[in-house]
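Q: Here is a sequence together with a model predicted from it:
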Amino acid sequence: MTLMVSAATAPSELVAACCQTGGMRKEEVFSVRGGAELTARAGHLFETARTEFLCAARDLKTWSRPGARAAVRNRMRAADSTGLIPRKLLSPVALADEEARAHLRLVRSKGALVRISRSPLPHETILIDRRVMILAGQEAPTGREYTVTTSQILVDGVHSLFRAIWDTAVDLETYLRSDVPHLDAEGRMILEALGSGLTDASAAQRLGVSLRTYRRRVAELMAELEADSRFQAGLRAGELGLSH
């Protein structure tokens, strides 16, 4: 029986399809529950990466627990001197706040390649040297379930999907620059007023609008910049080159 793989096939669906066709031996796959168990049973796999470390994720929550993220980071240090360049593929949801953007810029500064894709992505898929794959399931009260496999048919199938999406994705900095909201002259004046530390009353007077109108425009500007606070709006504006 032939396994048909398309660009729309999710990794979890690929696992199920292979199980149904009998294309995977039992010993080639196992599941663990939670980041601690994953680190304990499969953490050594991260330090074996030599030629390729690929990661696709919808957001940054999969490794949100400091202990799990630190474990992966420590495991990867052994590969730092080998010339390995990790590739991280994310959806725009991963850029939801300034903290997430700062983290991705840090990852990028360490030598990783980061791209943003509008195509649907699984919660987390990690491929190591095209021989090991780790799939993360939905978050649950008992912890996220992770499936680890060395089945070559699974690894090759998901690797092909990753590469297809990666080739159409956009570099992190390019995406951030292109995702710039249009601000009119008044919007830029409001940004300048926020950065100058003026009170709302003084800023409204400078712009020649009522206090109520000024505050409404500030709220609209924050929404356009996807900012939760005025301070974050200033940071986001600087990031997008709108504060000059």
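A: Nice, I can see it. This structure is a prediction, so every number in the text was calculated from the model and none was measured. Numbering: from 1, shown residues only.
Q: mind listing what's buried in the longest helix along the chain?
A: With DSSP state H applied, the helix covering the greatest number of residues in the chain is identified as helix 152-168. Across helix 152-168, burial judged by 16 or more other CB atoms under 10 Å covers 153-155, 157-159, 161-162, 165-166. In this view, the C-beta of every residue, glycine as well, is placed from N, C-alpha and C.
Q: got it, and stretch 131-143?
A: For stretch 131-143, a neighbour-count test (16+ other CB under 10 Å) marks 131-137, 143 as buried.
Q: list the buried ones in stretch 210-221?
A: 214, 217-218, 221.
Q: no wait, stretch 219-237
A: Buried residues in stretch 219-237, counting neighbours by 16+ other CB under 10 Å, are found at 221-222, 224-225, 227, 232-237.
Q: and if you look at stretch 185-197?
A: Going by neighbour count (16+ other CB under 10 Å), the buried part of stretch 185-197 is 187, 190-191, 193-194.
Q: now do stretch 54-62
A: Neighbour-count burial for stretch 54-62 [16+ other CB under 10 Å]: 54-62.
Q: before we move on, what about stretch 167-183?
A: In stretch 167-183, counting by 16+ other CB under 10 Å, buried: 169, 172, 175-176, 183.
Q: now could you export just the CA positions of that stretch as CSV?
A: What follows is stretch 167-183, C-alpha atoms only, in CSV (Å, rounded to 0.1, in the frame of the first residue of the first chain):
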residue,chain,number,x,y,z
ASP,A,167,11.2,27.8,0.9
THR,A,168,8.1,30.0,0.7
ALA,A,169,8.5,31.5,4.2
VAL,A,170,10.1,35.0,4.9
ASP,A,171,13.1,35.9,7.0
LEU,A,172,12.2,37.2,10.4
GLU,A,173,13.6,40.8,9.9
THR,A,174,12.1,41.0,6.4
TYR,A,175,8.7,39.9,7.7
LEU,A,176,8.8,42.5,10.5
ARG,A,177,9.7,45.3,8.1
SER,A,178,7.0,44.3,5.6
ASP,A,179,4.4,43.9,8.2
VAL,A,180,4.4,47.7,8.9
PRO,A,181,1.1,49.3,9.5
HIS,A,182,0.4,52.5,7.6
LEU,A,183,0.4,55.6,9.8
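Q: so what pLDDT did the residue most central in space within the chain get?
A: In the chain, the C-alpha nearest the mean C-alpha coordinate belongs to Leu90, at 3.7 Å (CA atoms, centre = their mean). pLDDT, Leu90: 90.
Q: For Val132, see how far away it is.
A: 21 Å (CB to CB, to the nearest Å).
Q: how about Ile85, what does it touch?
A: Residues near Ile85 by CB atoms under 8 Å, 6 or more residues apart in numbering: 111-113.
Q: follow-up on the earlier one: beta partners of the residue nearest to the centre of the chain?
A: Leu90 has the following beta-bridge partners by DSSP bridges: Ala57, Ile116.
Q: tell me the contacts of it?
A: By CB under 8 Å, 6+ apart, Leu90 lies in contact with 56-60, 104, 114-117, 121.
Q: Need those in CSV (columns: distance to Glu37 and pLDDT).
A: Formatted as CSV, the contacts of Leu90 follow (distance: CB to CB, whole Å; pLDDT from 0 to 100):
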residue, distance to Glu37, pLDDT
Ala56, 22, 91
Ala57, 19, 87
Arg58, 22, 80
Asp59, 22, 76
Leu60, 21, 76
Leu104, 27, 88
Val114, 28, 93
Arg115, 30, 94
Ile116, 30, 90
Ser117, 29, 88
Leu121, 24, 75
